[in-house]
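Enquirer: I would like the atomic coordinates for the input below:
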Amino acid sequence: MIRLNDLRDNPGATHAPKRRGRGPGSGLGKTGGRGIKGQKSRSGVAIKGYEGGQMPLYQRLPKRGFNKPNRKAYAVVNLGKIQEFIDAGKLDAANVTEDALVASGLVRRKLDGIRVLGKGALTGAATITVTGASKGAREAVEGAGGSLTVTAPERAEAATAE
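Expert: Modelled structure (predicted):
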């Protein structure tokens with residue numbers, strides 16, 4: 001019979017940590033395996049990208065593109081997943097909103113909004129209200145006899161074009 005006081009880990013499963021700087025008999029005494037002198041022998045070393053004063057490689061390489069600091073991050077959902085959740089009874093096809101998608105567990109959080117993509121098929125009519133949708137998703141929902149409402153403009157260009 002196994003008792004709590006008899007429990008042990010498998011032999012060799014755990015190793016004792018190296019105790020550095022604990023005398024010459026340990027084999028890791030005095031300098032503790034860091035060698036003698038120099039920057040790397042001291043604490044607080046930060047030399048990852050440093051090349052001895054030479055221009056570092058990451059600064060020499062050409063830069064391309066632009067990272068927009070205030071770009072929108074959308075949570076993405078495919079139509080196939082929405083259909084799965086409707087079939088499982090986790091979503092009501094008559095009223096698929098962003099809050100309903102989060103409550104059902106299909107989307108973890110809304111971020112700057114939820115965007116529906118057209119991967120997968122929607123078998124029945126569904127009324128979907130979201131922040132953004134792809135062209136394919138709109139066509140698929142309308143083709144199945146449903147409606148897809150976008151509450152906010154997808155891009156600034158689309159808003160100015162209208």
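
Enquirer: touching, V45 and Q39? I think so.
Expert: Yes. Contact criterion C-beta atoms under 8 Å: V45 and Q39 qualify, at 5.9 Å. For glycine as for every other residue, the C-beta is placed from the backbone atoms N, C-alpha and C.

Enquirer: just want the most central residue of this protein.
Expert: The centre of the chain sits closest to A75, judged by C-alpha atoms, centre = their mean, with a distance of 10.7 Å.

Enquirer: doesn't it lie inside a strand?
Expert: Yes. Assessed with DSSP: H, G, I helix; E, B strand; the rest coil, A75 lies in a strand.

Enquirer: and it, what is it in contact with?
Expert: 107-111, 113-115 (C-beta atoms under 8 Å, 6 or more residues apart in numbering).

Enquirer: residue ranges in the chain under the pLDDT threshold?
Expert: For the chain, the stretches with pLDDT under 70 are 152-162.

Enquirer: now the strands: where do they sit in this structure?
Expert: 75-78, 96-97, 114-117, 127-130, 132-133, 147-150 (DSSP state E).

Enquirer: can you lay out these as a markdown table showing distance to Y58?
Expert: Shown next, in a markdown table, are the strands of the chain (distance: least, C-beta to C-beta, whole Å):
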| stretch | distance to Y58 |
| --- | --- |
| strand 75-78 | 31 |
| strand 96-97 | 45 |
| strand 114-117 | 33 |
| strand 127-130 | 39 |
| strand 132-133 | 35 |
| strand 147-150 | 41 |
